[in-house]
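> what shape does this take:
(chains A, B, C and D)
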4 protein chains.
Amino acid sequence: MPLSAGLKTGKVKSMIDICLFGAGFIGSVHAANLARNPRARFRYIVDPRPEVAARIAAQYGAEAVDTQRALNDPAIRGVIIASATKTHADLSIAAAQKGKAIFCEKPIDMDIGRTDQCLAAVAEAGVIFQIGFNRRFDPSFRSLKQRLDAGEIGAVEQVIITSRDPEPETEEAVAGGGGVFREMTIHDFDMARNLLGEEPVEIFATGSCLVLPYYGKLGDYDTAMFILRTASGRQCHINNSVRAVYGYDQRIEVHGSNGMLRAANRTPTSVELSNGTAISTDKPLYFFTERYQESYAAELDHFLDCIEKGERPVVGADDGRKAMILCEAALASAKSGRFEPIRL
Amino acid sequence: MPLSAGLKTGKVKSMIDICLFGAGFIGSVHAANLARNPRARFRYIVDPRPEVAARIAAQYGAEAVDTQRALNDPAIRGVIIASATKTHADLSIAAAQKGKAIFCEKPIDMDIGRTDQCLAAVAEAGVIFQIGFNRRFDPSFRSLKQRLDAGEIGAVEQVIITSRDPEPETEEAVAGGGGVFREMTIHDFDMARNLLGEEPVEIFATGSCLVLPYYGKLGDYDTAMFILRTASGRQCHINNSVRAVYGYDQRIEVHGSNGMLRAANRTPTSVELSNGTAISTDKPLYFFTERYQESYAAELDHFLDCIEKGERPVVGADDGRKAMILCEAALASAKSGRFEPIRL
Amino acid sequence: MPLSAGLKTGKVKSMIDICLFGAGFIGSVHAANLARNPRARFRYIVDPRPEVAARIAAQYGAEAVDTQRALNDPAIRGVIIASATKTHADLSIAAAQKGKAIFCEKPIDMDIGRTDQCLAAVAEAGVIFQIGFNRRFDPSFRSLKQRLDAGEIGAVEQVIITSRDPEPETEEAVAGGGGVFREMTIHDFDMARNLLGEEPVEIFATGSCLVLPYYGKLGDYDTAMFILRTASGRQCHINNSVRAVYGYDQRIEVHGSNGMLRAANRTPTSVELSNGTAISTDKPLYFFTERYQESYAAELDHFLDCIEKGERPVVGADDGRKAMILCEAALASAKSGRFEPIRL
Amino acid sequence: MPLSAGLKTGKVKSMIDICLFGAGFIGSVHAANLARNPRARFRYIVDPRPEVAARIAAQYGAEAVDTQRALNDPAIRGVIIASATKTHADLSIAAAQKGKAIFCEKPIDMDIGRTDQCLAAVAEAGVIFQIGFNRRFDPSFRSLKQRLDAGEIGAVEQVIITSRDPEPETEEAVAGGGGVFREMTIHDFDMARNLLGEEPVEIFATGSCLVLPYYGKLGDYDTAMFILRTASGRQCHINNSVRAVYGYDQRIEVHGSNGMLRAANRTPTSVELSNGTAISTDKPLYFFTERYQESYAAELDHFLDCIEKGERPVVGADDGRKAMILCEAALASAKSGRFEPIRL
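Predicted structure coming up:
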């Protein structure tokens, strides 16, 4: 009896119809969160691979359609763009023109010019645009940020961001991707901007190939360090590696005039073993789907909030653009060996 | 359009229809988990207070009905009994006679004789019966238990259970309840049995009134310590208080021949502040709805698993009965000042 | 040129001449601390085994003499009694009669009557008497006690003492000793009295033989749990084992009306390893010479302070006597299975 | 009776006579360790301020003499140079020419040319020369290094050094000193070299004035970050501040191909308070005399070991020189804004 199932959330009238673009890994994460969220109705899934789209559609009771059908349905109030990076700008522009609220995975585009075109279209349409910097919604990072803003440690002086993946990408993924700065460090750049309290104006980067030769062969880095600096002299260090055998290492440390705020890793359980060898605890949560599970759900909630209230997302198109500019400056610095200006 | 909402889970055919008895605090917890669980369909809510039942029904798209209607509906495969303690046995017997799988909050009944009648009815009907010892499903405690069973610390020698509530009950609740041993320590008794690897045969208890005079005035204790002992000499200590101002204190420590396994408290975030005074971290999660959020969802999942597979729950009627016998022996010991036998 | 060596401490005039009785294990600990302490001059060592005495004497520039010679030397202001337990009372009485300040290892005597005779002689002589409950001087336990006394957690309600040795005694030592309650738990009983803020009036004890059969064969226990209770209803739990394979486990937890104070174990280093298996840190410091190294030095300092200032030690003869009475009551309870009164 | 005092250590024959140059702060630390060390005899103190020298001499039974007298005494086997930086090279050369073993505080000299002259004299004389990089002897850092060398985390990839003082220098000290890189970071540069497993070949530095304006006015920095890089691409980050209000922050983190080794701060006690606000523990040990107390004693022990065995110190003249070269390159980078070569 579909009726009672339909009533399951008891909020039929206020549910927000959403179309999801992209049935890949990150698309699946959003699909699951859409299904669990009582305010969202997961209506459409769009993916160029019909069988993949059909599987997701069947799993969550959505309908696999094409872009036209999805964007032309006036019931659709928001779109989640989790498709291939090269489609982000086009889909954003098309959705903006149809007046849909947009949640777009980062980056908007690998090209700054194309990014700017996209942002102009969004601005002209006046639609909500949220970029997928999910870490802003991590409970620990968000709490740290709130306490920082509340003045618990005074003025920010230095930020240290540790960001290390548990496993490298395959050679194919590295070859097809935008490089580790644009794929991985981009999140750290956004976090640096979020925490420094001032825009960075210079960046120094150095990258090595110590983990897997194909990173180097493909002109990429698997191990990197960065220093960012703001106009007043605040500093931020980021360290990256594509392989932390103990699990996803995502830590933040902010030093201010009156103290330090740190966010440590999270573990699956609080169990500790003491034996004849050592005292040992769980490794950190394995990777982003585990560590940032709550943050993916929370960013969706924020998107729905913004749609309901007509408000601007806390992390928007401009944040996506600025993080990309940081990537470009970092790439230049890794080659030049000097502080490169960041022209936001 | 209710249809797509109905299809939201994509599993209409395999959903398990559930009736919930009780719209009070713990009933609300189960209601929310039923709503979020893709395998369950929350069909009916039964509560003697029509307006409370109606509110829960509206919130989750269930229907507020009476006991007869609910138990006579052949579509209902399982019932969750979260109503007043004195109704547990009657509802369990009625549900068993209708062939429903039963999830019953502890205790089955305050009276052992009535408990035995209930268990006999359940046994005769051959239905699934799961008792609500949710802590067995806490990720940390479950991991500890699995590692203990895997032999990581050899044979168990001593168990130490810390179990302290963040806030006392009101005087009304204490007056109307079964006493702190039967309401609170009962969970620790179940955990002691779960971890000792042998049934306890003797128990010593001592209780004081140090927190709020009305506990003592009502013949109850607000502060208590226990020692349990098995036939081979394994020992378990439990300490209880109705007030831990820093939050819900739920820790376990098991000492074996080859080491110790501990489960510490969990905190909302991993943020740490270092300032001129101290290094400080979050307090533990506040109370059972926060700390055991995952365990309530997991015990429901286990109940649904047992229904689907026709299996026996890992924590059943007999566990509920034995924990009550431990309560009775503890009450006797607190009065006699001596080891009292536990006649399981 | 001995002169400059003699001047090494630059405090020749104010040095306090000390005689040490006992060149066994604990005597050696005191000998080393005497040698390092700039206020003490380690003059005499007395031990029935001439070669052992001579070795210690040579190592630290002391002189091996007999009891008469040592006690008759008016230069000797203090004695440290670290000889066999059965000699403690006689040596204390003899030293008291010569007006020496006395530092005596626990217990004063296995017999309460003999203990009382000793205390009477000490009282009559009016000499300083400090008992070797070194844990009172452990930096962490002392800090906890000070903060407790400063009211940081309000009124004490429950105390939990974890006290587990890293390795059992040999069968010979068990056969020749006073039993685990009098040898090991006695320290915990002193700590319980120190922290409860009121004298305990009742004790419950249960002991098992789970580690090594010879403990049981010799009528002793290798695994034990205790509950103590004060007149106002404050409670203390102690757990003991003679084998904690991960090292000396010495923890304290005090629950008060406004919070909890805990003292955790100490580790040799702060190094943490994260690898593909776990996050692991050092085991606790191995045993009492490591964990209580600072406390042995500090109790000697306190003894010298008391001699210099003519003050009463914070832990005196009466504390030694009361801890022994607790041992006796615990032994009675382990046999009777009931709360036994503590007649201090 | 000086004789027994002289015999206090029982090792008169094997004691090593030492002369200490400098009765300032760090000189006092060495004086106290000399007095406590059973293998050393603290014979002479040399300081241009007679009353200061006399006070130290009286306190520890040493003799205040002039440089000539001290270096001409053939009984003196080793000298500890803890005087003003500008005297280090002259005293080292003079002591070397007299065949004394030399322990010299860092830096050897602010000028590399003068440093090289000093090293040449030391090499020609063939005497032992140990530089005062005490952190190599910190128990936690030493354990980390040993475990790194033992291969516990595979090949080193990145090193992160956190080094923050609890309080800034006075304006006078900043004006009179060599700058924060040469006074403070120099220890971190030595640690970087110690841990990277390869010599760094490039360094990037950036400094700010965020804490106290006089640092900037005097051309110095109070807040700085560094990145070092070896030929194979290993990387090291250092962050410095002259003010960590929570105490001396001295942490190390090494990432290797198979894991991470970290050394955390140490605290005075293991006491933890849980109350209605937070869970809080001790701040780190306050400053270098507290945190590195064991390392100062251990570096002296190592110096005595080297004298006794005629061995080369693990941290010698060349380490002092290389750390200074790193300081110079860092200063250049902070001005140029680019990776500067390190010409060791």
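> next one: the spatially most distant residue from the centre of chain A from D:Gly207, what distance?
For chain A, the residue at maximal distance from the C-alpha centroid (Cα atoms, centre = their mean) is A:Gly276, at 42.1 Å. Here A:Gly276 is placed at a distance of 48 Å from D:Gly207 (Cβ to Cβ, to the nearest Å). No exception for glycine: its C-beta is placed from N, CA and C like everyone else's.
> now swap in A:Lys100 and tell me
Applying Cβ to Cβ to A:Lys100 and D:Gly207 gives a distance of 49 Å.
> so for stretch A:314-323, what gets flagged as buried?
By 16 or more other Cβ atoms under 10 Å in any protein chain shown, the buried positions in stretch A:314-323 come out as A:Val314, A:Val315, A:Gly316, A:Ala317, A:Asp319, A:Gly320, A:Arg321, A:Lys322, A:Ala323.
> typo on my end, stretch A:155-169
In stretch A:155-169, counting by 16+ other Cβ under 10 Å, buried: A:156-166, A:168-169.
> buried residues, stretch A:199-208. List them.
A:Pro200, A:Val201, A:Glu202, A:Ile203, A:Phe204, A:Ala205, A:Thr206, A:Gly207, A:Ser208.
> one step back: you'd agree the residue farthest from the centre of chain A is up against B:Ser257?
No: contact status for A:Gly276 versus B:Ser257: not in contact, 11.1 Å apart, counting by Cβ atoms under 8 Å.
> so what sits against both of the two?
Listed as contacting both A:Gly276 and B:Ser257 by Cβ atoms under 8 Å, 6 or more residues apart in numbering or on different chains are C:Val245.
> now the buried residues of stretch A:155-169 in a markdown table, with pLDDT, distance to chain C and secondary structure?
Putting the buried residues of stretch A:155-169 into a markdown table (pLDDT from 0 to 100; distance: Cβ to the nearest Cβ, whole Å; DSSP: H, G, I helix; E, B strand; the rest coil) gives the following:
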| residue | pLDDT | distance to chain C | secondary structure |
| --- | --- | --- | --- |
| A:Val156 | 98 | 27 | strand |
| A:Glu157 | 98 | 24 | strand |
| A:Gln158 | 98 | 22 | strand |
| A:Val159 | 98 | 22 | strand |
| A:Ile160 | 98 | 17 | strand |
| A:Ile161 | 98 | 18 | strand |
| A:Thr162 | 98 | 12 | strand |
| A:Ser163 | 98 | 15 | strand |
| A:Arg164 | 98 | 10 | strand |
| A:Asp165 | 98 | 14 | coil |
| A:Pro166 | 97 | 10 | coil |
| A:Pro168 | 97 | 15 | coil |
| A:Glu169 | 96 | 19 | coil |
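> who's in contact with A:Gly276?
A:Gly276 neighbours (Cβ under 8 Å, 6+ apart): B:Asn258, B:Gly259, C:Val245, C:Tyr246, C:Lys283.
> tell me how far the residue lying closest to the fourth one once chain neighbours are set aside lies from B:Glu152.
Meaning C:Tyr246. In space, and not counting its chain neighbours, C:Tyr246 is closest to A:Ser274: 3.8 Å by Cβ to Cβ, 6 or more residues apart in numbering or on different chains. In this view, A:Ser274 and B:Glu152 are 10 Å apart by Cβ to Cβ.
> residues from the stretch 151-300 of chain A in reach of chain C?
Listed as neighbours of chain C in the stretch 151-300 of chain A under the rule Cβ under 8 Å from any Cβ of the partner chain: A:244-246, A:267, A:273-284.
> which among the residues you listed end up buried?
A:244-246, A:267, A:273-275, A:278-284.
> can I get those residues in JSON lines including secondary structure and pLDDT?
Formatted as JSON lines, these follow (DSSP: H, G, I helix; E, B strand; the rest coil; pLDDT from 0 to 100):
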{"residue": "A:Ala244", "secondary structure": "coil", "pLDDT": "97"}
{"residue": "A:Val245", "secondary structure": "coil", "pLDDT": "97"}
{"residue": "A:Tyr246", "secondary structure": "coil", "pLDDT": "97"}
{"residue": "A:Thr267", "secondary structure": "coil", "pLDDT": "97"}
{"residue": "A:Leu273", "secondary structure": "strand", "pLDDT": "98"}
{"residue": "A:Ser274", "secondary structure": "strand", "pLDDT": "98"}
{"residue": "A:Asn275", "secondary structure": "coil", "pLDDT": "97"}
{"residue": "A:Ala278", "secondary structure": "coil", "pLDDT": "97"}
{"residue": "A:Ile279", "secondary structure": "strand", "pLDDT": "98"}
{"residue": "A:Ser280", "secondary structure": "strand", "pLDDT": "98"}
{"residue": "A:Thr281", "secondary structure": "strand", "pLDDT": "98"}
{"residue": "A:Asp282", "secondary structure": "coil", "pLDDT": "98"}
{"residue": "A:Lys283", "secondary structure": "coil", "pLDDT": "98"}
{"residue": "A:Pro284", "secondary structure": "coil", "pLDDT": "97"}
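> can you tell me which of the residues you listed is nearest C:Tyr221?
Comparing these against C:Tyr221 with Cβ to Cβ picks out A:Ser274 as the nearest, at 22.3 Å.
> residue contacts, the closest one?
B:Gly259, B:Met260, B:Leu261, B:Arg262, C:Ala244, C:Tyr246, C:Asp249, C:Lys283.
> of all pairs in those residues, which one is the farthest apart?
B:Leu261 and C:Lys283 (14.8 Å).
> just checking, next helix/strand downstream of the longest helix seen in chain A?
The residue-count maximum for a helix in chain A (DSSP state H) belongs to helix A:317-336. Of the helices and strands lying after helix A:317-336 in sequence (DSSP states H and E), the nearest is strand A:340-341.
> which strand residues bridge the residue nearest to C:Tyr246?
Judged by DSSP bridges, the bridge partners of A:Ser274 are A:Ile279, B:Met260.
> which parts of chain A sit against chain D?
So chain A meets chain D at A:155, A:157-158, A:160, A:162, A:164, A:202, A:204, A:206, A:208-211, A:223-225, A:227, A:229, A:232-235, A:237, A:239, A:241, A:243-246, A:249, A:255, A:257-260, A:336-339 (Cβ under 8 Å from any Cβ).
> what about 7 Å?
A:157-158, A:160, A:204, A:206, A:208-210, A:223, A:225, A:227, A:229, A:233, A:235, A:237, A:239, A:241, A:245-246, A:255, A:258-260, A:337-339 (Cβ under 7 Å from any Cβ of the partner chain).
> strands of the stretch 51-200 of chain A, start to end?
A:63-64, A:76-81, A:101-104, A:129-131, A:156-164, A:200-208 (DSSP state E, counting those that start in this stretch).
> let me know which of the ones you listed is the nearest to chain B.
strand A:63-64 (7.3 Å; Cβ to the nearest Cβ).
> what does that closest one contact?
Contact with strand A:63-64 is made by A:Arg43, A:Tyr44, A:Ile45, A:Pro50, A:Ala53, A:Ala54, A:Ala57, as judged by Cβ atoms under 7 Å, 6 or more residues apart in numbering or on different chains.
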